[in-house]
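K.L.:
Attaching a predicted model along with its sequence, questions to come.
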Amino acid sequence: MDDYPLLNLFWTMLWFFLWMMWFFLLFKVITDIFRDHSLHGWGKAGWLILVLLIPFIGVFIYVIARGRSMHERDAKQIRENEAAFRSYVQQTAGSGGGGSADELGKLSALKDKGDISQEEFERAKARILA
């Protein structure tokens, strides 16, 4: 450890961090190129060639030219994912007004009060679960 001073360790860590951030930005730009529905084939191909052949300049030009719309596409994607998740949860859990779990709870309450017999409960339960 004597031949590698602490300052060199700091610079190594800094360069490693910067390279990781660079690759993150590069992959973010490439995915944004493919996610953009307003760009068509040649536009996507042009940006992709620019970003891959001249990476530093290409990425910086892309961020300057299309940075704002890049953020808007990210926000739109997040909203669509949240809406899909909400829809899935509502579909799975039932919307609260007639789900099978609610009907089974009401049916069990009727059986516990004695309003229906065990046989009627089993038939209704089989019908709800079918």
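P.N.:
Good, I have the coordinates.
K.L.:
just the helices in this structure please.
P.N.:
6-35, 41-53, 55-93, 100-113, 118-129 (DSSP state H).
K.L.:
for the third one, which positions count as buried?
P.N.:
Applying a neighbour-count criterion of 16 or more other CB atoms under 10 Å, one finds 58, 59, 62, 66, 70, 73 buried in helix 55-93. Placement of C-beta: from N, CA and C, glycine included.
K.L.:
Let me know the closest of the residues you listed to residue 13.
P.N.:
Residue 13 has its nearest neighbour among the buried residues of helix 55-93 in residue 59, at 23.0 Å by CB to CB.
K.L.:
For the closest one, which non-adjacent residue is spatially closest?
P.N.:
What sits nearest to residue 59 in space, not counting adjacent residues and going by CB to CB, 6 or more residues apart in numbering, is residue 29, at 5.3 Å.
K.L.:
Dump the helices of the chain to CSV, plus mean pLDDT.
P.N.:
Below are those laid out as CSV (pLDDT from 0 to 100):
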stretch, mean pLDDT
helix 6-35, 92
helix 41-53, 92
helix 55-93, 89
helix 100-113, 83
helix 118-129, 86
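K.L.:
how far away is the most centrally placed residue in the chain from residue 33?
P.N.:
Centroid-nearest residue in the chain, with CA atoms, centre = their mean: residue 81, separated by 5.4 Å. Separation of residue 81 from residue 33 (CB to CB, to the nearest Å): 20 Å.
K.L.:
Quick one: neighbours of residue 51, just the number.
P.N.:
Residue 51 sits with 20 neighbouring residues when counted by other CB atoms under 10 Å.
K.L.:
where's it relative to residue 103, distance?
P.N.:
Separation of residue 51 from residue 103 (CB to CB): 56 Å.
K.L.:
what sits against residue 52?
P.N.:
Residue 52 makes contacts with residue 58, as judged by CB atoms under 8 Å, 6 or more residues apart in numbering.
K.L.:
do the one 5 residues further on as well
P.N.:
Taking CB under 8 Å, 6+ apart, we find residue 57 in contact with residue 50.
K.L.:
what's the farthest-apart pair in the buried residues of helix 55-93?
P.N.:
Between any two of the buried residues of helix 55-93, the greatest separation by CB to CB is 18.4 Å, found for 58 and 73.
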